[in-house]
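Undergrad: sequence? don't have it. structure:
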RNA sequence: GUGCGAUUAGUUCAGUUGGUAGAGCACCAGAUUGUGGUUCUGGGUGUCGUGGGUUCGAGCCCCACAUCGCACC
């Protein structure tokens, strides 16, 4: 039975721990979910993802998987889990964000969203109904509702109209979800998404509506899309008391290590972000001591381990000088090592957060940690 | 040996009728938040082969030399 159970809470903040039960196993929260857009966490073996990084759940993306390899292949493969050989939980984003960020030519109507493929320009349409069907075929444990991601600098009028559309799509999505069944023998659930841009009253209204369609969890979307970080935190503080304690809260697309700890302090349980992998491929490494750009010339002759405090085997097997060399040489191994390190760090980050919540000293621990992890090395 | 051509940033090259130099890549930095192995922003790092000459002024015109390339004895 799909469920979320809160297991402990921090006395000094809204931070809490919990467990999500799925047919593919449990997920301890707070959790960070590595992003595996097209059915792979770029450059990382599944073996390492499980044993070294200790990922408990990964993402897939409906927009990308729908375009490639396409629904026929995914159905024939028996769903994404079998296709990519991942037996732990998967969450799929609906593709609403990609339509917002990738497609130059898109037309949003009450019916749905027409868009052109970024690959070949072919024309497609997502509706709440076919988006449910598509995510059924992909077979994610957690499906995300189709929404419109409102830009961070949108005006009130746009945000209001956008929210109305997201809400009507949610009702149709929910209806379709309840009329259909999983295709592969394990249970699926879906998370509605709270929009409302940066207006507290819109956010509250969005949350109350979304909660009507929430069973296990609920997502907070439309943040970290251009608004100041402080505004993002304010929105989380507005939503925290509105969302019942028995729902998993997922802050979509966030963020930096500091963002994650601050999000946890404001009651968020789940995070995903391309930052550890995409920025990792671009030589940015996150550590407990701060952020390094391994392309910088100053690492060229630093023969110390990549990260003496790191939990990944790569942290102790290779030196900064070597990784610097690989980046300058354009070797794909550089991207692999950096991705592995960063994901291991992100998972260690939330693991330690969980431990300190259980110990009851999360708040002072977090304040100290944020100082260190944010500085530039 | 002779003739022709070349020589400008790390590299490949551009450089107006003479007014102390630019571009791509590389390099050096910064950005990146529900991923197109990206993308964007900023930075010029130079004894214009060497030495003379003409000129108010030479990367550019003239002479010599050096090096490289091609062709021909």
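TA: Sure, I can see it. Note that the structure is a prediction, hence the values are computed from the model and not measured. Residues are numbered from 1 along each chain as shown, chains lettered A, B, ... in the order given.
Undergrad: let's see the pLDDT reported for residue A:104.
TA: Here, the pLDDT recorded for residue A:104 equals 63.
Undergrad: now name the helix or strand holding residue A:350.
TA: Using DSSP states H and E, residue A:350 falls within helix A:332-359.
Undergrad: ditto for residue A:27
TA: Per DSSP H and E: residue A:27 is located in strand A:25-29.
Undergrad: what mean pLDDT does that strand get?
TA: pLDDT averaged over strand A:25-29 gives 98.
Undergrad: so what touches that strand?
TA: A:4, A:16-20, A:56-57, A:87-89, A:248, A:269-270, A:351, A:354 (Cβ atoms under 8 Å, 6 or more residues apart in numbering). Where C-beta positions appear, they are placed from N, C-alpha and C, glycine not excepted.
Undergrad: only the buried residues of the helix holding residue A:350, if you could.
TA: Under the neighbour-count criterion of 16 or more other Cβ atoms under 10 Å, helix A:332-359 has A:334-354, A:356-357 buried.
Undergrad: show me which of the residues you listed neighbour RNA strand B.
TA: A:335-336, A:339 (Cβ under 7 Å from any atom of the strand).
Undergrad: from those, pick the one nearest residue A:39.
TA: residue A:339 (15.7 Å; Cβ to Cβ).
Undergrad: all strands of the stretch 201-350 of chain A, in order?
TA: Secondary structure of the stretch 201-350 of chain A, counting by DSSP state E, counting those that start in this stretch: strands at A:217-220, A:248-251, A:270-272, A:284-287, A:290-293.
Undergrad: partner strands of the third one and their direction?
TA: Just to be clear, that refers to strand A:270-272. Paired neighbours of strand A:270-272 in the sheet (DSSP bridges): strand A:31-33 (parallel), strand A:248-251 (parallel).
Undergrad: can you tell me if the shortest one touches RNA strand B.
TA: Think strand A:31-33. No: shown here: strand A:31-33 not in contact with RNA strand B (Cβ under 7 Å from any atom of the strand), separated by at least 9.5 Å.
Undergrad: buried residues, the helix or strand following that strand. List them.
TA: Per DSSP H and E, the first helix or strand lying C-terminal to strand A:31-33 is helix A:46-51. Buried residues in helix A:46-51, counted by 16+ other Cβ under 10 Å: A:46, A:48-49.
Undergrad: which single one of the residues you listed is nearest to RNA strand B?
TA: residue A:49 (11.5 Å; Cβ to the nearest atom of the strand).
Undergrad: sorry, back to before: for the ones next to RNA strand B among the buried residues of helix A:332-359, which one is nearest RNA strand B?
TA: Out of those, the member with the shortest distance to RNA strand B (by Cβ to the nearest atom of the strand) is residue A:335, at 3.8 Å.
Undergrad: quick one: contacts for that closest one?
TA: Residue A:335 neighbours (Cβ under 8 Å, 6+ apart): A:42-43, A:280-281.
Undergrad: same check on residue A:73?
TA: residue A:83 are the contacts of residue A:73 under Cβ under 8 Å, 6+ apart.
Undergrad: burial of the closest residue to residue A:375 other than its chain neighbours, as a residue count?
TA: Spatial nearest neighbour of residue A:375, chain neighbours left out: residue A:290 (4.0 Å); criterion: Cβ to Cβ, 6 or more residues apart in numbering. Neighbour count of residue A:290, defined by other Cβ atoms under 10 Å: 15.
Undergrad: tell me which residues form a beta bridge with residue A:290?
TA: Assigned bridge partners for residue A:290, using DSSP bridges, are residue A:287.
Undergrad: how close does it sit to RNA strand B?
TA: The gap separating residue A:290 from RNA strand B is 11 Å, by Cβ to the nearest atom of the strand, to the nearest Å.
Undergrad: same check on residue A:324?
TA: Taking Cβ to the nearest atom of the strand, one finds residue A:324 at 8 Å from RNA strand B.
Undergrad: tell me the contacts of that residue?
TA: Contact analysis of residue A:324 by Cβ under 8 Å, 6+ apart lists A:294-296, A:299-300, A:302.
Undergrad: what's the neighbour count on the closest residue to it other than its chain neighbours?
TA: Using Cβ to Cβ, 6+ apart and skipping the chain neighbours, the partner closest in space to residue A:324 is residue A:299 (4.1 Å). Look at residue A:299: counted by other Cβ under 10 Å, it has 25 neighbours.
Undergrad: the one 3 residues further on now?
TA: The tally of other residues near residue A:302 (other Cβ under 10 Å) stands at 16.
Undergrad: same question, residue A:13
TA: The number of residues near residue A:13, taken as other Cβ under 10 Å, comes to 17.
Undergrad: what residues are up against the nearest residue to it once chain neighbours are set aside?
TA: Leaving aside its chain neighbours, residue A:13 sits nearest to residue A:265 (4.3 Å; criterion: Cβ to Cβ, 6+ apart). By Cβ under 8 Å, 6+ apart, the contact set of residue A:265 is A:10, A:13-15, A:362-363, A:366.
Undergrad: how about the ones next to RNA strand B among the buried residues of helix A:332-359 in CSV, adding pLDDT?
TA: Converted to CSV, these look like this (pLDDT from 0 to 100):
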residue, pLDDT
A:335, 96
A:336, 97
A:339, 97
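Undergrad: the bottom helix or strand of chain A by mean pLDDT?
TA: helix A:96-101 (a mean of 81; mean pLDDT, DSSP states H and E).
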